[in-house]
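Visitor: here's a sequence, model it:
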Amino acid sequence: MARLTKKQKENTAKVESRAYSVAEASALIKEISNTNFDPSVDLAVRLNVDPRKANQMVRGVVTLPHGTGKDVKVLALVTPDKEAEAKEAGADYVGLDEYLAKIKGGWTDVDVIVTMPSVMGKLGPLGRVLGPRGLMPNPKTGTVTMDVAKAVSDVKAGKIDFKVDKTGIVHAAIGKASFDAEKIEGNARELLTTLIKLKPQASKGIYMKSVFMSSTMSPSVEIDTKKFGE
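Guide: As a prediction, the model looks like this:
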């Protein structure tokens, strides 16, 4: 196990063994994320669900009010009549057959793929490449649509999709440590509020079991699930 540096020990010592309000956690994460790069700020939310059961699967999309802080690379797989629309909305790569060929060859240097219903049939054979990387477009996340411009704009503005993993945890990047604490807090609240709205009827008892905030190199900070209003 790697030994902690002096700075890491100092940061760990600043985290008390208690649960913080969202505002407190956001300020603390910013304070203890003093690295020589700008790390992502992440939330890990443990839900009282069994993802193996269809009626307890939690997945959705949320538009973070302050964006992700990340330059999201978007590929628009569209027919020629939609190319100008996608480009104007800010897509980094626009086209169809040439990009399908590149993906078939192993190219996946994008963060999100937006496409149209009529193109999904061509994407099916590429599921083995796109699926494991979380790049397969999905109507539920708004990335398969005829309104290509809106889909591209939403992603660029901070729209993220999330899905509970097999252990019942939702992991999501909600910003950067360089954000003001208020912006980290605002993004965190938006995700947590969205998760609460998505509570499956089949989930009994305490739905949100634990919430932890951390940055790429920081210790994690527990958020009091009873203090979302503070």
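Visitor: and after the longest helix seen in the chain, which helix or strand comes next?
Guide: Using DSSP state H, we find that the single longest helix of the chain is helix 181-197. Following helix 181-197 in sequence order, the next helix or strand is strand 208-215 (DSSP states H and E).
Visitor: let me see the mean pLDDT of that next one.
Guide: Taken as a whole, strand 208-215 has a mean pLDDT of 95.
Visitor: just how off-centre is the next helix or strand after it within its chain?
Guide: Sequence-wise, the next helix or strand downstream of strand 208-215 (DSSP H and E) is strand 221-223. The chain centroid and the centroid of strand 221-223 are separated by 18 Å under CA atoms, centre = their mean, to the nearest Å.
Visitor: also stretch 149-165?
Guide: 8 Å.
Visitor: what sits closest to residue 61 if chain neighbours are left out?
Guide: Using CB to CB, 6 or more residues apart in numbering and skipping residues adjacent in sequence, the residue nearest residue 61 is residue 161, 4.6 Å away. All C-beta atoms are positioned from the backbone trio N, CA, C, and that covers glycine.
Visitor: ok and the longest helix of the chain relative to strand 208-215, angle-wise?
Guide: Using axes from the mean of the first three to the mean of the last three CA atoms, to 10 degrees, one finds that helix 181-197 and strand 208-215 are set 150 degrees apart in direction.
Visitor: one step back: give me the number of residues near the residue nearest to residue 61?
Guide: 17 (other CB atoms under 10 Å).
Visitor: is the residue nearest the centre of the chain in a helix, a strand, or coil?
Guide: Centroid-nearest residue in the chain, with CA atoms, centre = their mean: residue 172, separated by 4.1 Å. Per DSSP: H, G, I helix; E, B strand; the rest coil, the local secondary structure of residue 172 is strand.
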